[in-house]
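1. generate coordinates for the sequence data below:
(chains A and B)
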Amino acid sequence: NAGVMQNPRHLVRRRGQEARLRCSPMKGHSHVYWYRQLPEEGLKFMVYLQKENIIDESGMPKERFSAEFPKEGPSILRIQQVVRGDSAAYFCASSQDGLSNQPQHFGDGTRLSIL
Amino acid sequence: ILNVEQSPQSLHVQEGDSTNFTCSFPSSNFYALHWYRWETAKSPEALFVMTLNGDEKKKGRISATLNTKEGYSYLYIKGSQPEDSATYLCAMYSGGGADGLTFGKGTHLIIQP
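-> Residues are numbered from 1 along each chain as shown, chains lettered A, B, ... in the order given. A predicted model of the protein is given here:
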């Protein structure tokens, strides 16, 4: 499967723990986007990364959230000291060149539940 | 803050009928309008990306139009089939805004046999 791969599909954490969400983009794609879908809400942009660089993190909460896309390996969205309000579906998408006229290819998402 | 609106929120259509729904977006700083199809338990799948005013794109029985001057796009489905049941999302890419897409909440389409 050469599509966008996200893991895990489901993640359960207790309040105060850390959550790590992984995303491997489509083969040949070096641009990665993370989106969050809160219950009853639409997809909201969080962060846009290109290999080893954060290009735009304007949609990311200022505290506890971080993202990286290392030279080797998947992109990671990290949430420290999780709270109940972090429960959501987190989607990763990738595109080839990061251009506005290119479609983004989405993964199946990670459903994060905070107990 | 960009506001992308979709209507209706949900729609029940008889199999074989044609249907359409709307995406409204701010016309300033417009770069591109994306349509995605999202089936339950799957990932959003790209349908169209449109950039030019008056653009019209077609994929099988599904087509879309774009009016960037007045800020709207229509998605049309001709001869609806049960497999068309999904949520249809539109998203705007805006220059000067965030580098990601701003999504509407979607139109949830149910095709009744």
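
2. list the contacts for the closest residue to B:Ser10 other than its chain neighbours?
-> Among residues not flanking B:Ser10 along the chain, B:His108 sits closest, at 4.2 Å (Cβ to Cβ, 6 or more residues apart in numbering or on different chains). C-betas here are computed from N, CA, C, even on glycine. B:His108 makes contact with B:9-11, B:87 under the criterion Cβ atoms under 8 Å, 6 or more residues apart in numbering or on different chains.

3. what bridges to B:His108?
-> B:Ser10, B:Thr87 (DSSP bridges).

4. re the thing from before, ok, so of the contacts of B:His108, who is nearest A:Met26?
-> Nearest to A:Met26 among the contacts of B:His108 is B:Thr87, at 22.2 Å by Cβ to Cβ.

5. surely the closest one meets B:Trp38?
-> Yes: the criterion here is Cβ atoms under 8 Å, and B:Thr87 meets it with B:Trp38 at 4.5 Å.

6. which strand or helix spans residue 35?
-> Let's take chain A. strand A:31-37 (DSSP states H and E).

7. oops, I was thinking of chain B
-> strand B:30-38.

8. list the buried residues in the helix or strand following that strand.
-> Going down the chain from strand B:30-38, the next helix or strand is strand B:45-50, by DSSP H and E. Neighbour counts over strand B:45-50 (16 or more other Cβ atoms under 10 Å in any protein chain shown) mark B:46-50 as buried.

9. those also near chain A: which ones?
-> B:46, B:49 (Cβ under 8 Å from any Cβ of the partner chain).

10. any chance of TSV for the buried residues of strand B:45-50, columns pLDDT?
-> Converted to TSV, the buried residues of strand B:45-50 look like this (pLDDT from 0 to 100):
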residue	pLDDT
B:Ala46	96
B:Leu47	97
B:Phe48	96
B:Val49	96
B:Met50	96
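
11. using CSV, please lay out the buried residues of strand B:45-50 together with distance to B:Leu2.
-> As requested, the buried residues of strand B:45-50 are exported to CSV (distance: Cβ to Cβ, whole Å):
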residue, distance to B:Leu2
B:Ala46, 20
B:Leu47, 20
B:Phe48, 19
B:Val49, 17
B:Met50, 17
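
12. CA atoms only for stretch A:49-56 - export them in CSV, please.
-> These are the backbone C-alpha positions of stretch A:49-56, laid out as CSV (Å, rounded to 0.1, in the frame of the first residue of the first chain):
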residue,chain,number,x,y,z
LEU,A,49,6.0,20.3,7.6
GLN,A,50,8.6,19.6,4.9
LYS,A,51,11.4,17.3,5.6
GLU,A,52,13.2,18.5,8.7
ASN,A,53,11.4,21.8,8.7
ILE,A,54,8.2,23.2,10.2
ILE,A,55,6.8,25.5,7.6
ASP,A,56,3.6,26.7,9.3
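
13. that one close to chain B?
-> Yes: residues of stretch A:49-56 are located near chain B by Cβ under 8 Å from any Cβ, namely A:55-56.

14. in terms of helices and strands, where is A:Met46?
-> strand A:43-50.

15. that strand pairs with which strands?
-> Going by DSSP bridges, the partners of strand A:43-50 are strand A:31-37 (antiparallel), strand A:53-56 (antiparallel).

16. wait, what's in contact with the nearest residue to B:Leu101 once chain neighbours are set aside?
-> Excluding the flanking residues, the one nearest B:Leu101 by Cβ to Cβ, 6+ apart is B:Ala91, at 3.8 Å. Contacts for B:Ala91 (Cβ under 8 Å, 6+ apart) come out as A:43, B:4, B:33-36, B:101-104.
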